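K.L.:
Quick one, structure for this:
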Amino acid sequence: MACTGIGLTSKQGNPFWARTQDFEQHFEYSGVKIPKGYTFSSAFTPFKSEKFVMGIVWANDVREAPVILDGINEDGICGGSFYFDHFYKYSDTDSITKSGKTPIRGEELCTWILTHYSSLDEIKNNLSNDIEITNEPGPMMGMSVPQHCVFNDETGRSIVVEPSVNHGFSFFENPLGVFTNAPTFDWHLSNLKTWLERISKRTYSYDVNEPINSFNLDEFTTGLVGIPADYKPESRFLRASMAKLLSIKVDDEDTLNQIFQLLTTVNTPKGLLRIHQEKEVLVPWTQYTSGYDIKNKKLYAYTYDNQNLKVLEYGDFKDWSKEIEYYTFISPRKAEPFTKISDWKTGDITL
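P.N.:
Purely as a prediction, here's the structure:
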């Protein structure tokens, strides 16, 4: 319920993307390699994957009902699914079926997109004609889970997909590469621009597609002074955006780590966010953080309890199994001992 994503391009022009997965319930999570032709038999309408996809799935039981939370497909389309609260517009199954579209649940949106489309334009041109999201409840949370998504490609372009209109989807170009939860993405952009005008000498036209450039080191800004410090989506969007806009450019080998550091501005330690419901208080936390080297198709991840980084490489999909394969990135925390040294050359122990 408090997820955040940030995309960043290296000095060499290569795109990277990372996200936090924040939630208040315990689900199973696993890395996966999903072969082309694999059938998602547990989906509301069973369908086959038309792409090879590597990513992270979640469910009450991922062997019974794997759902992609974030991933990358054979064409380099990379992205993830984020909670969308009450801004979604879902439909009844009968009306979807009569329109000739395939009904799926909200939590299956990212899975469908990564397993079916080769480009961001293909998503924008075909999704609203291919599927619609049913309001019939499913096994996750007893509902068709409210979700919207962000996707990136190998050029660094990013788009947002939101089921926020009747019988279809809203699509936004993402000029910033930052993403959180509700409200709708265009609202977040307008809200950010009002803050940028307060803390810098910039002015904006408030066109949804206008660029939002990074701050040069010599450009005046008061930075994060006055930016809300709470964990609501609109506040996290502001902090993540400012973190990215103030970030310096780094090389390929350092870009993913830079995003992980930027995401620390929005991580949710247990207890800092409390959601009061009728009979209980929910306590979300940052359950895992994943990151993608989009060009080289590598997935990195670490968890709240163990920040030692794990990696899963795409490799050649010709070598993949014909069945779905699972890879755990969850393990107990283990501290490595300091290494005793008596001699070193200049730079060896300099950060």
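
K.L.:
Pretty sure Thr194 sits in a helix.
P.N.:
Yes. Thr194 sits within a helix when classified using DSSP: H, G, I helix; E, B strand; the rest coil.

K.L.:
And it, what's its pLDDT?
P.N.:
On the pLDDT scale, Thr194 is placed at 98.

K.L.:
ditto for Val62
P.N.:
Residue-level confidence at Val62 comes out at 96, pLDDT.

K.L.:
residues in contact with it?
P.N.:
Contact criterion CB atoms under 8 Å, 6 or more residues apart in numbering gives Glu28, Tyr29, Ser30, Val32, Tyr326 as the residues in contact with Val62. Glycine gets a C-beta too; all of them are placed from N, C-alpha and C.

K.L.:
Can you pick out the most distant pair from these?
P.N.:
For those, the farthest-apart pair by CB to CB is Glu28 and Val32; their separation is 11.6 Å.

K.L.:
For the lowest-mean-pLDDT helix or strand in the chain, name the packing helices and strands.
P.N.:
Comparing every helix and strand of the chain by mean pLDDT, DSSP states H and E singles out strand 275-276 as the least confident one, with a mean of 90. Packing partners of strand 275-276 (3 or more CB pairs under 8 Å, 6 or more residues apart in numbering; DSSP states H and E): strand 281-282.

K.L.:
Check which element follows the strand it packs on along the chain.
P.N.:
Taking DSSP states H and E as the definition, the helix or strand that follows strand 281-282 towards the C-terminus is strand 285-293.

K.L.:
The contacts of Val62 into a markdown table, with extra columns for pLDDT and distance to Ser170?
P.N.:
Compiled in a markdown table, these are given as follows (pLDDT from 0 to 100; distance: CB to CB, whole Å):
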| residue | pLDDT | distance to Ser170 |
| --- | --- | --- |
| Glu28 | 97 | 31 |
| Tyr29 | 98 | 28 |
| Ser30 | 98 | 31 |
| Val32 | 98 | 29 |
| Tyr326 | 98 | 34 |
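
K.L.:
Could I have the buried ones of the residues you listed as ChimeraX selection syntax?
P.N.:
Selecting the buried subset of those in ChimeraX, with 16 or more other CB atoms under 10 Å as the burial test, is done by:
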select :28,29,30,32
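
K.L.:
Out of the contacts of Val62, which is nearest to Glu162?
P.N.:
So of the contacts of Val62, ranked by how close each gets to Glu162 (CB to CB), first place is Tyr29, at 24.1 Å.

K.L.:
does the residue nearest to the closest one when sequence neighbours are not counted count as helix, strand or coil?
P.N.:
Counting by CB to CB, 6 or more residues apart in numbering, the nearest residue to Tyr29 once its immediate chain neighbours are dropped is Trp58, at 5.2 Å. The three-state label given to Trp58 by three-state DSSP is strand.

K.L.:
hey, what's Trp58 bridged with?
P.N.:
Following DSSP bridges, Trp58 is listed with bridge partners Tyr29, Val67.

K.L.:
number of nearby residues for it?
P.N.:
The number of residues packed around Trp58, counting by other CB atoms under 10 Å, is 22.

K.L.:
mind checking how far it is from Ser30?
P.N.:
8 Å (CB to CB, to the nearest Å).

K.L.:
Kindly report the same for Glu336.
P.N.:
The spacing between Glu336 and Ser30, counted by CB to CB, is 25 Å.

K.L.:
go on, Gly177?
P.N.:
Where Ser30 is concerned, Gly177 sits at a distance of 27 Å (CB to CB).

K.L.:
Does anything pack onto the helix or strand hosting Gly79? Which helices or strands?
P.N.:
Counting by DSSP H and E, the secondary-structure element that holds Gly79 is strand 78-83. For strand 78-83, the elements it packs on are strand 15-23, strand 67-73, helix 109-116, strand 147-152, judged by 3+ CB pairs under 8 Å, 6+ apart.

K.L.:
hmm, 7 Å instead?
P.N.:
strand 67-73, helix 109-116, strand 147-152 (3 or more CB pairs under 7 Å, 6 or more residues apart in numbering; DSSP states H and E).

K.L.:
for Trp187, phi and psi?
P.N.:
Torsion angles at Trp187 (phi, psi; degrees, to the nearest 10) stand at phi -60, psi -40.

K.L.:
roughly how far apart are it and Phe237?
P.N.:
Between Trp187 and Phe237 the distance, using CB to CB, works out to 10 Å.
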